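Student: okay, here's the prediction I keep looking at, along with the sequence it came from:
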Amino acid sequence: MAPPAVEEERVECAVEHGDIAISVRGLRNSFGDQLVHDGLDLDVRKGEILGVVGGSGTGKSVLMRSIIGLQTPDAGEVHVFGESMIGRLDDEALAIRKRWGVLFQGGALFSTLTVAENVEVPIREYYPNIGPQLRDEIAAYKIRMTGLPEEAGPKFPSELSGGMKKRAGLARALALDPDLLFLDEPTAGLDPIGAAAFDDQTRKLQQTLGLTVFLITHDLDTLYSICDRVAVLADRQVIAVGTIPELLALDHPWIQEYFNGPRGRAATAAVERERDRSAAAQDGQGNGQGNGKR
Ligand SMILES: Nc1ncnc2c1ncn2[C@@H]1O[C@H](COP(=O)(O)OP(=O)(O)OP(=O)(O)O)[C@@H](O)[C@H]1O
């Protein structure tokens, strides 16, 4: 393709995707005979936390891997911040890759590296000219940012609790000051208090740093408490995207069962209770705390 044509195409994409961080069109993924996605479309808006839900095996992680370039789809288009990502060599898409951080399922920390060394991995990879002292300072800052104590830095993953491992993975995902954060089941395996604390931390970071968050989860509390919109995967596609009230208005059996089943109703009741508590606290003291969403 001649260079001017490529330039024209990129400018058009940048304009077209002005308020969109991630745009997926016509995505198709298969493994042998198994068709996982077929004509999947999705837009993630800049600055939102988009929850991605769906039954087990519906292809949530494969979708994330397709966006971040770990899975080459059979067909379709993926744009991140207006740049086409499919078929781009690592070097070509480097500027965009630097703008995202990923927390994989289970944290995916390197077991032979300390927490601080784990956080430093992307810094070493993408900014090899940064010296050891500055690298250490950045890692210590990111570790504190996720709510971990400074003493966690020299520890190995095997010495951490599940919740601490997730935070260490989050610190690594934040290492390069990303604009975009991918979180794959961040609260899986955490106790309810640990999960709520992790959600609060995610929301605070997203608001403070102006992040866009693509968040795969099965955790209804997470969806209700911190997600701006939710995308539902079923039948090899994204069948709906919207706020929870918008999704509840749809007549899809899986959506109704998921959000209106006993767990969904419990999560709704918890959110409403918290809202009432916050409102009462504000009325009584004029200084209500918390984000009022959980
Ligand atoms: N590398 C692979 N090779 C073969 N099949 C794969 C591969 N990766 C994913 N799959 C299959 O694709 C389907 C979707 O997998 P994926 O991990 O995206 O599901 P998911 O929606 O994230 O599920 P869960 O909620 O259980 O984590 C599954 O049936 C899985 O077995």
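Tutor: In hand now; what should we look at?

Student: measure stretch 171-182 end to end?
Tutor: 13 Å (Cα to Cα, to the nearest Å).

Student: which other residues reach stretch 149-165?
Tutor: With contacts defined as Cβ atoms under 8 Å, 6 or more residues apart in numbering, stretch 149-165 is touched by 106-107, 109-116, 118, 139-140, 143-144, 148, 167-168, 189-191, 194, 197-198. For every residue, glycine as well, the C-beta is placed using N, CA and C.

Student: let's see it at 10 Å
Tutor: By Cβ atoms under 10 Å, 6 or more residues apart in numbering, the residues outside stretch 149-165 that reach it are 106-119, 136, 139-144, 146-148, 166-169, 171, 187-191, 193-195, 197-198.

Student: alpha carbons only: can I get it in PDB?
Tutor: Extracted C-alpha coordinates of stretch 149-165, given in PDB (Å, rounded to 0.1, in the frame of the first residue of the first chain):
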ATOM      1  CA  PRO A 149       2.500  -1.200  51.600                       C
ATOM      2  CA  GLU A 150       6.000  -0.200  50.500                       C
ATOM      3  CA  GLU A 151       7.400  -3.400  52.200                       C
ATOM      4  CA  ALA A 152       5.600  -5.400  49.500                       C
ATOM      5  CA  GLY A 153       8.200  -4.300  46.900                       C
ATOM      6  CA  PRO A 154      11.000  -6.800  47.900                       C
ATOM      7  CA  LYS A 155       8.600  -9.700  48.400                       C
ATOM      8  CA  PHE A 156       8.100 -12.600  46.000                       C
ATOM      9  CA  PRO A 157       4.600 -13.400  44.700                       C
ATOM     10  CA  SER A 158       4.600 -16.600  46.700                       C
ATOM     11  CA  GLU A 159       4.800 -14.400  49.900                       C
ATOM     12  CA  LEU A 160       1.600 -12.400  49.000                       C
ATOM     13  CA  SER A 161      -2.100 -13.000  49.600                       C
ATOM     14  CA  GLY A 162      -4.400 -13.300  46.700                       C
ATOM     15  CA  GLY A 163      -5.600  -9.700  47.100                       C
ATOM     16  CA  MET A 164      -2.000  -8.500  47.300                       C
ATOM     17  CA  LYS A 165      -1.100 -10.400  44.100                       C
END
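
Student: which of the contacts of stretch 149-165 are buried?
Tutor: With burial judged by 16 or more other Cβ atoms under 10 Å, the buried subset of those is 107, 109, 114-119, 136, 139-140, 142-143, 146-148, 166-169, 171, 187-188, 190, 194-195, 197-198.

Student: before we move on, what's the pLDDT of Gly292?
Tutor: Gly292 carries a pLDDT value of 41.

Student: so where's the chain shaky on pLDDT?
Tutor: 1-17, 89-92, 285-294 (pLDDT under 70).
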